[in-house]
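*Asks:* Starting from these lines, generate the structure:
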Amino acid sequence: MSKKEYIFTALKLFVVYSLLWAVLSSFKFSFFVISFLFIFSFITPLIFTLHLEKFAFIKGIKLIGFFIYYSVKSGLLVAIYALAKKIKLEPIIYRLPLRTTTPFSTSMLSNIYSLMPGTVSMGMENNNLLLHILDEKLLDEEFMEYTQDKIIEVFEKDRIKK
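*Replies:* Take a look at the predicted model:
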């Protein structure tokens, strides 16, 4: 990244962080907050190396909708389990073979699975993502593969055939 691109990226991040802070704090700014946001904006590109040219924005928006739909659906299933008089759960550890190629996309995939009700990412082992699933009936291998495809489409768009 050139110096000009770095500064432009940092300034864009400063605007995003400032807007986020404004919404979360009801527009309460101070010299300390502005200084912190400014410094954090310039440090972030040095730490995180998400290449925006590999990011598919429209598919990212679709991924958010996909996540919300499945989160509500699986949340309702977990609620049914919780409200049942007799809970008979069969928890499992599922090993998902990873096809993602970047640490960022692997991390996003892991986080999406962990945010789904009844599922927690436990770690990685031999290029497999280990998932703890509340009940064997909640395991949907097709969903797991489809989610991985979506993550690859959004964060590794250079891998997708055009």
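*Asks:* What are the contacting residues of stretch 141-160?
*Replies:* 50, 53-56, 59-60, 62-63, 66, 70, 94, 96, 98-102, 104-105, 108-109, 112-113, 131 (CB atoms under 8 Å, 6 or more residues apart in numbering). C-beta here means a position set from N, CA and C on the backbone, and glycine is covered the same way.
*Asks:* Write a PyMOL command that selects only the buried members of those residues.
*Replies:* Buried subset of the contacts of stretch 141-160, written as a PyMOL selection, criterion 16 or more other CB atoms under 10 Å:
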select buried, resi 56+59+63+70+94+96+98+99+100+102+104+105+108+109+112+113+131
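*Asks:* Now do the phi/psi pair for Asn128.
*Replies:* Main-chain torsions, Asn128, degrees, to the nearest 10: phi -120, psi 140.
*Asks:* ugh, wrong one, I meant Asn126
*Replies:* According to degrees, to the nearest 10, Asn126 has phi 50, psi 50.
*Asks:* And Met124, by the same measure?
*Replies:* phi -130, psi 150.
*Asks:* In contact with the closest residue in space to it that isn't next to it in sequence, which residues?
*Replies:* Nearest residue to Met124, sequence neighbours excluded (CB to CB, 6 or more residues apart in numbering): Leu130, at 6.8 Å. Going by CB under 8 Å, 6+ apart, Leu130 touches 93-96, 121-124.
*Asks:* out of those residues, who's nearest Gly75?
*Replies:* Ser121 (17.3 Å; CB to CB).
*Asks:* what is the closest one paired to in the beta sheet?
*Replies:* Counting by DSSP bridges, Ser121 is bridged to Leu131.
*Asks:* Work out which residue lies at the spatial centre of the chain.
*Replies:* Nearest to the geometric centre of the chain sits Met108, at 3.6 Å (CA atoms, centre = their mean).
*Asks:* Please name the residues that touch that one.
*Replies:* 151, 154-155.
*Asks:* if you set the cut-off to 7 Å instead, what comes out?
*Replies:* Contacts for Met108 (CB atoms under 7 Å, 6 or more residues apart in numbering) come out as 151, 155.
*Asks:* Thr119 too?
*Replies:* 113, 131, 133 are the contacts of Thr119 under CB under 7 Å, 6+ apart.
*Asks:* Give the buried residues for the lowest-mean-pLDDT helix or strand in the chain.
*Replies:* Ranked by mean pLDDT, DSSP states H and E, the weakest helix or strand in the chain is helix 57-83, scoring a mean of 83. Going by neighbour count (16+ other CB under 10 Å), the buried part of helix 57-83 is 59, 63, 70, 74, 78, 81.
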